[in-house]
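Enquirer: Predicted model and sequence below, questions to follow.
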Amino acid sequence: MGPNSTMDNGVWCYCVAPVTIGAHATVSADAVLCTATHDYTDPTFPLVSRPINIGEDCWIAADVFVGPGVEIGDGTVVGARSSVFSNLPDWSVCVGTPAKPVKRRSFSQGDAS
């Protein structure tokens, strides 16, 4: 976890592989960061793990699921109850299941950036 980052109450961090959270990032209540799954194509159903990387200045809103191997770009916001199964670009607002970018994240004049 980078400096000034926050992980709220009730966050599930299933870290079979590394989870990296950048500076000034927030992971809100009841989010799930899940670095492992199973290979359902193999009859022995082996565990497969891949790291999660959450960039700087991100906000992972309440009840978001982030799956194995996902990279969330710097400055990205993931809306509440979204599910992230693939990488998300920098400075975007993403929502849905699966989460998709819906607009660029920008700041109004006079806002902190």
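Expert: Nice, thanks for sending it over.

Enquirer: okay, CA-based contacts and neighbour counts for the rest of this
Expert: Fine.

Enquirer: Could you tell me which ranges of this structure sit under the pLDDT cut-off?
Expert: Applying pLDDT under 70 to the chain flags residues 108-113.

Enquirer: Most distant residue from the centre of it?
Expert: Residue farthest from the centre of the chain, counting by Cα atoms, centre = their mean, is residue 43 at 30.0 Å.

Enquirer: so how far is residue 44 from the most centrally placed residue in the chain?
Expert: Most central in the chain under Cα atoms, centre = their mean is residue 66, positioned 4.9 Å from the mean C-alpha point. Note on residue 66: its distance to residue 44, by Cα to Cα, to the nearest Å, is 25 Å.

Enquirer: Next: residue 52.
Expert: 25 Å.

Enquirer: quick one: which of these two has more around it?
Expert: residue 52 (24 against 9; other Cα atoms under 10 Å).

Enquirer: That one against residue 65, yeah?
Expert: No: counting by Cα atoms under 8 Å, residue 52 does not reach residue 65; the two are 11.5 Å apart.

Enquirer: Quick check: neighbours shared by the two?
Expert: 33-34 (Cα atoms under 8 Å, 6 or more residues apart in numbering).

Enquirer: returning to what we had before: for the residue nearest to the centre of the chain, which residues count as its bridge partners?
Expert: Beta-bridge pairing of residue 66 under DSSP bridges involves residue 33, residue 84.
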